[in-house]
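Got a predicted structure here, sequence first:
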Amino acid sequence: MAGHDDEEAGVAAGSASAVTINVAGTRGPSFGAPLVEYVLRLGDDRLVLGHRLSEWTGHGPILEEDIALSNMALDLVGQANMFLGLAGELEGKGRDADALAFFREGVQYRNALIVELPRGDFGFTMARQFLFDVYSVLLLDALASCAHEQLAAIAAKSLKECKYHLRHSSEWVVRLGDGTEESHARVQQSLNELWRYTGELFAHDEIDAAVAALGVTVDAGALQSRWDNMVQDVLQRATLSVPTDVVMTMGGRRGRHTEHLGHMLAVMQSVARAHPGATW
Amino acid sequence: MSLTSESVYEVLRSVMDPEVPVISVVELGIIRDVQVEGSTVRVTVTPTYSGCPAMHEIEADIRSALLKAGATDVDVMTTFAPAWTTDWIGPEAREKLRAYGIAPPGRAEQGGLITLTRRRDPVQCPFCASRDTRLQSEFGSTACKAIHVCNSCRQPFDEFKAI
């Protein structure tokens, strides 16, 4: 754990010399075994995006879309439940999916920043969904044949659902991009805002390297070039342009999030924390 | 009365999908294994959709049906592999869906990635059998259904979507 995170190490070095205090304690960005970290990333991406989509329930622009967004939210939260359940099992400290979802702090979340951004307008929601869905379908397709049996099974199951999401979001990107002047301008603006968060999806770090040694191999470079091709193909049909010269913003995979995640978690976790252990 | 694997399946054939109450959990294809030891029964179930809220109810229904049938201990386990597919729904169950007003699923796409430009063949209307129908949305009243509209009889209808 120590030495894994710069900030934590910095605090410890500045504290009183006689006693070493783990300032972060249970609320800090503690890092677990690589596979646990890796599966948390998969689970947290889906939990956070699923929650963002669920914010549309009752607020969709048309009834069919309200239903579609809620259905996709349900799929993603269901997938998060499977991934977080596995992460808890692998961790071996008795935490189940609910404990991981509702009783971790923002710094302990491992989702990519792109999924935690506020939902914005419908165009922003669909542009984000599309960029994530392409990534998700390609990644899950690769993981479905990885050496870790449980992880592969969850990936294969999730992949089927994400294909439906991708078809839906890509059709909307084309419809909005190639739609009215207003819809085109809004979805292009959303893409411009979102683009700097896409690099994080393909950043390869020591966690990826460590799980690759366990047989969970995803070629990040190949993943990115396939993603580029699919995204460009759809954006072209949508008459939208791919943003260029963008400096990528990262940090979510290591627990350094935007200010938006904390607000979202405060809402998402409030009931579970007000009534810990409640069942119905 | 002592339970056997066959008699457990017989009981499960009476446990209906709560959302589509004309087909049983066996016909739905989600029962993957049944083990019986004396009056202890272990049923292995695979979920339809990851987030399907009916799964909890289905598990509870399976448990109570088997307890009523004489089991003293019922274990409902979950498995994710192989992932559920609508191809496991048999011809008889498909007819039941159609009679209930839900178009049965087509063949599930096998493996690989998707073709984004793919145009789906129109789904046959379960009411008037016309093929002059249009897809309204691939997401419907439950995770497993899509919404279509029939251009011939003007009736909107659900399709049990292939997955």
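Ah, there it is. These numbers come from a predicted model, not from an experiment.

was I right about B:Ser7 contacting B:Ala69?
Yes: at 7.3 Å, B:Ser7 counts as touching B:Ala69 under the criterion of C-beta atoms under 8 Å. Where C-beta positions appear, they are placed from N, C-alpha and C, glycine not excepted.

which residues are common contacts for the two?
Residues touching both B:Ser7 and B:Ala69 (C-beta atoms under 8 Å, 6 or more residues apart in numbering or on different chains): none.

how does the chain divide up, domain by domain?
Just going to use chain A. Structural domains assigned to chain A are A:1-30, A:33-257, following automatic domain parsing.

Let me rephrase: I mean chain B.
B:5-78, B:90-160.

so for the last one, what's the average pLDDT?
The pLDDT scores in domain B:90-160 average 89.

How about stretch A:76-95?
96.

residues in contact with it?
Taking C-beta under 8 Å, 6+ apart as the rule, stretch A:76-95 contacts A:32-33, A:35-36, A:39-40, A:42-44, A:46-47, A:49-51, A:53-54, A:96-97, A:99-101, A:103, A:150-151, A:154, A:157-158, A:161, B:47, B:49-52, B:80.

Kindly report the same for stretch B:16-31.
Contacts for stretch B:16-31 (C-beta under 8 Å, 6+ apart): B:9, B:12-15, B:43-48, B:54, B:57-58, B:61-62, B:84-86, B:88-90, B:92-93, B:96-97, B:99-100, B:102, B:142, B:144, B:160.

What of stretch A:183-193?
By C-beta under 8 Å, 6+ apart, stretch A:183-193 touches A:120-121, A:123-124, A:126-128, A:173, A:175-178, A:235, A:238-243.

Show me just the buried residues among these.
Among the contacts of stretch A:183-193, those buried by neighbour count (16 or more other C-beta atoms under 10 Å in any protein chain shown) are A:Gly120, A:Gly123, A:Phe124, A:Met126, A:Ala127, A:Arg128, A:Val173, A:Leu176, A:Gly177, A:Leu235, A:Ala238, A:Leu240.

how close does the closest residue to A:Val216 other than its chain neighbours get to chain B?
Ranked by C-beta to C-beta, 6 or more residues apart in numbering or on different chains and with sequence neighbours excluded, the top spatial neighbour of A:Val216 is A:Cys146, at 4.7 Å. Distance, A:Cys146 to chain B, by C-beta to the nearest C-beta, to the nearest Å: 13 Å.

On the pLDDT front, check A:Cys146 for me.
94.

Name the residues of the longest helix belonging to chain B that are buried.
Longest helix in chain B by number of residues (criterion: DSSP state H): helix B:54-68. Within helix B:54-68, the residues that count as buried by 16+ other C-beta under 10 Å are B:Ala54, B:Met55, B:Ile58, B:Glu59, B:Asp61, B:Ile62, B:Arg63, B:Ala65, B:Leu66.

Now do the contacts for the last one.
With contacts defined as C-beta under 8 Å, 6+ apart, B:Leu66 is in contact with B:Val8, B:Val11, B:Leu12, B:Val41, B:Val43, B:Val74.

now it: how far from B:Ser14?
11 Å (C-beta to C-beta, to the nearest Å).

so how far is B:Arg98 from the residue nearest to B:Lys145 when sequence neighbours are not counted?
Leaving aside its sequence neighbours, B:Lys145 sits nearest to B:Asp158 (C-beta to C-beta, 6+ apart; 4.4 Å). Separation of B:Asp158 from B:Arg98 (C-beta to C-beta): 11 Å.

and if you look at B:Gln136?
19 Å.

Compare the two and say which one has the larger neighbour count.
Comparing B:Gln136 with B:Arg98 by neighbour count (other C-beta atoms under 10 Å in any protein chain shown), the higher total belongs to B:Arg98, at 18 against 15.

Enumerate every residue touching the more buried one.
Here B:Arg98 is in contact with B:Pro104, B:Pro126 (C-beta under 8 Å, 6+ apart).

Now do the same contact list for the closest residue to B:Gly38 other than its chain neighbours.
Closest residue to B:Gly38 apart from its sequence neighbours, by C-beta to C-beta, 6+ apart: B:Ser2 at 7.6 Å. When contacts are counted by C-beta under 8 Å, 6+ apart, B:Ser2 touches B:Gly38, B:Ser39, B:Gly70.

How confident was the prediction at the spatially most central residue of chain B?
For chain B, B:Leu28 is the residue whose C-alpha lies nearest the centre (C-alpha atoms, centre = their mean; 3.4 Å). With respect to pLDDT, B:Leu28 scores 95.

follow-up on the earlier one: if any of the contacts of stretch B:16-31 are buried, put those into a PyMOL selection.
Buried members of these can be picked out in PyMOL with the line below, counting by 16+ other C-beta under 10 Å:
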select buried, chain B and resi 12+15+43+45+46+47+48+54+58+61+62+84+85+86+88+89+93+96+97+102+142+144+160
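
Right, I'll leave it there.
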